[in-house]
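Visitor: would you be able to build a 3D model of this:
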Amino acid sequence: MNLAILGAQWGDEGKGKIVDLLTPQFSIVARYQGGHNAGHTVYVNRKKFILRLIPSGILHPGVTCVIGNGVVVDPQALLAEIDELAASGVDVDGRVVVSDKAHLILPYHRDLDLLSEARRGERKIGTTSRGIGPAYEDKIARRGIRVGDLADPIGLEEAIRVNVAARNRVVQDTTMDWRPVFEQLVRQAERLRPWVRDVSLLLDQAMRGGRSILFEGAQGTLLDIDHGTYPYVTSSNASVGGICTGLGLGPRAIHGVLGVVKAYTTRVGEGPLPTELTGAMGNRLRDSGNEYGAVTGRPRRCGWFDAVVARYSVRINGLDALALTKLDVLDGLETIPICTAYRCSGRTLTEFPSDLAQLAKCEPVYESLPGWQAGTAGVRRFDALPDNARRYIARLEEVSGVPAAIVSTGSERDDTIVRRDTLQAVNLRLAL
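Guide: As a prediction, the model looks like this:
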């Protein structure tokens, strides 16, 4: 079977660990959107790996890792990541495939990203300033440069000259010379060329040959360009629909969808966060959960679990089950609130509002569950969890509408509870 793993909150849910955990069940792991603004962290034998563009399955030998056309690729970042992995003893030769239709992030995109954020003032989005948004803008405006264009130096030179000239008209305090941009890209093209393929065809042939695919999402549903808290979103479709457009596959290729959620809620950047905690408890969750961006180092905003968000993600993505991460961060709390609804202008809302102004006015409606004093860190059997931890998980399942098939109790790969009966009940038949 083919399985999609994606974020069901505002990103940073722990997708990297879950992808890494499940990768041995699959032949291929495929990224379908985003760029090197993603930071998927995987710990193996206490060694930390941060993956930005390359799928999180790369740490398992023999698995093919695919970067789809829906991803925007910074060649410099990709090559640096490959070199980092090689230095850590991870062999990537013959295992990384890049779509010829993927659009490139080039140096002028980073300049435009910084300028765009500066001009927004108080309405800034809080981007990573890595050129992701401007690269997607060029794609939609039909002036982007794709990986496949690297095979045509003459056409590539002309496209870069035109795009750098456009950058210089906008960024007027500095002038960029197109020649170094072109020359660097020509050098990078030599290294990239062996990995470039028609990804749609490759995946179709793989499926016809009986090979299974794990689809890896970046960011999260509430950051989706269409279904997230617009305009405080990323520039791509982080929800399940991005798989079809970002890899060139039909919807029947997706046999199951697993949504990753934290046992609480976080987000980075601007925009409403209804359950946000700004005092001592927010700091406690941030410090205990090490809630700092893997790529940027920025502190994450923290709050209690938001079931309204979870139900929304279940609906948008057709989630079959949840992978619940960072349960151990809640160890030692006397009580743990869960947001089950919003109160706004005298009304109670149980569904996520599409109006951002309305969302900004919403106050969370909480119910509180008793916490647990025994530690859950490293627990690997569901029946070994404290009673109240199991009751908390059961309540999250009730208010979200889907079961928690996987529970993470630590950062290491094996610090995980896999509920096989739950996976089978929702037809996610994995040989775990």
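Visitor: check the chain for its longest helix and report it.
Guide: Longest helix in the chain, counting residues (DSSP state H): helix 153-170.
Visitor: show me what the helix or strand following it is packed up against.
Guide: Downstream of helix 153-170, the next assigned helix or strand under DSSP states H and E is helix 178-192. With contacts taken as 3 or more CB pairs under 8 Å, 6 or more residues apart in numbering; DSSP states H and E, helix 178-192 sits against helix 75-87, helix 153-170. Heads up, the C-betas are built off the backbone N, CA and C, glycines and all.
Visitor: the last one vs helix 178-192, what angle?
Guide: Meaning helix 153-170. Here helix 153-170 points in a direction 130 degrees away from that of helix 178-192 (axes from the mean of the first three to the mean of the last three CA atoms, to 10 degrees).
Visitor: I would like the residues contacting helix 153-170, please.
Guide: With CB atoms under 8 Å, 6 or more residues apart in numbering as the test, helix 153-170 has contacts from 106, 108, 111-112, 115, 138, 143, 145, 149-150, 175-178, 181-182, 185-186.
Visitor: and if you look at the shortest one?
Guide: The contact list for helix 75-87, computed with CB under 8 Å, 6+ apart, reads 36, 49, 51-54, 58, 67, 92, 96, 98, 104-105, 130, 184-185, 188-189, 191-192.
Visitor: just those: which are in helices?
Guide: Reading helices off these with DSSP H, I get 184, 185, 188, 189, 191, 192.
Visitor: which of the contacts of helix 75-87 are buried?
Guide: 36, 49, 51-54, 58, 67, 96, 98, 104-105, 130, 185, 188-189, 192 (16 or more other CB atoms under 10 Å).
Visitor: from the chain's centre, how far out does the worst-scoring helix or strand of the chain on mean pLDDT sit?
Guide: Within the chain, confidence by mean pLDDT, DSSP states H and E is lowest for helix 107-120 among all helices and strands, at a mean of 80. On the basis of CA atoms, centre = their mean, to the nearest Å, helix 107-120 sits 22 Å off its chain's mean C-alpha point.
Visitor: what segments of the stretch 251-400 of the chain are strands?
Guide: For the stretch 251-400 of the chain, the strands defined by DSSP state E, counting those that start in this stretch cover 256-262, 265-267, 301-303, 305-306, 321-325, 335-344, 347-349, 363-370.
Visitor: could you save those as TSV and add columns showing distance to residue 84?
Guide: Shown next, in TSV, are the strands of the stretch 251-400 of the chain (distance: least, CB to CB, whole Å):
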stretch	distance to residue 84
strand 256-262	24
strand 265-267	26
strand 301-303	29
strand 305-306	34
strand 321-325	24
strand 335-344	38
strand 347-349	45
strand 363-370	40
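Visitor: average pLDDT for stretch 251-259?
Guide: Mean pLDDT, computed over stretch 251-259, is 96.
Visitor: report the buried residues of it.
Guide: 253, 254, 256, 257, 258, 259.
Visitor: using PDB, list the CA coordinates for it.
Guide: The C-alpha trace of stretch 251-259 is given here as PDB (Å, rounded to 0.1, in the frame of the first residue of the first chain):
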ATOM      1  CA  PRO A 251      -5.800  10.200  -6.200                       C
ATOM      2  CA  ARG A 252      -6.100   6.400  -6.300                       C
ATOM      3  CA  ALA A 253      -2.400   6.200  -5.600                       C
ATOM      4  CA  ILE A 254      -3.100   7.300  -2.000                       C
ATOM      5  CA  HIS A 255      -4.300   4.300   0.000                       C
ATOM      6  CA  GLY A 256      -4.100   5.800   3.400                       C
ATOM      7  CA  VAL A 257      -3.400   9.100   5.200                       C
ATOM      8  CA  LEU A 258      -1.800   9.500   8.600                       C
ATOM      9  CA  GLY A 259      -1.900  12.900  10.200                       C
END
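Visitor: give me the residues contacting it.
Guide: Here stretch 251-259 has contacts from 1-8, 18, 203, 207, 213, 215, 221, 240, 243-244, 310, 313-314, 317-323, 402, 405-406, 426-428, using CB under 8 Å, 6+ apart.
Visitor: check the offset of the longest helix of the chain from the chain's centre.
Guide: 31 Å.
Visitor: what angle sits between that helix and helix 107-120?
Guide: Using the same axes, to 10 degrees: helix 153-170 against helix 107-120 is 20 degrees.
Visitor: using PDB, write down the CA coordinates of helix 153-170.
Guide: Output of helix 153-170 as PDB, limited to C-alpha atoms (Å, rounded to 0.1, in the frame of the first residue of the first chain):
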ATOM      1  CA  PRO A 153      22.600  26.600 -21.200                       C
ATOM      2  CA  ILE A 154      21.600  29.100 -23.800                       C
ATOM      3  CA  GLY A 155      18.000  29.300 -22.700                       C
ATOM      4  CA  LEU A 156      19.100  29.200 -19.000                       C
ATOM      5  CA  GLU A 157      21.400  32.200 -19.500                       C
ATOM      6  CA  GLU A 158      18.600  34.300 -21.100                       C
ATOM      7  CA  ALA A 159      16.100  33.400 -18.400                       C
ATOM      8  CA  ILE A 160      18.600  34.300 -15.600                       C
ATOM      9  CA  ARG A 161      19.400  37.600 -17.300                       C
ATOM     10  CA  VAL A 162      15.700  38.500 -17.500                       C
ATOM     11  CA  ASN A 163      14.900  37.500 -14.000                       C
ATOM     12  CA  VAL A 164      18.000  39.200 -12.400                       C
ATOM     13  CA  ALA A 165      17.100  42.400 -14.300                       C
ATOM     14  CA  ALA A 166      13.600  42.200 -12.900                       C
ATOM     15  CA  ARG A 167      15.100  41.800  -9.400                       C
ATOM     16  CA  ASN A 168      17.200  44.800  -9.800                       C
ATOM     17  CA  ARG A 169      14.200  46.900 -10.800                       C
ATOM     18  CA  VAL A 170      12.500  46.000  -7.500                       C
END
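Visitor: thanks a lot, catch you later.
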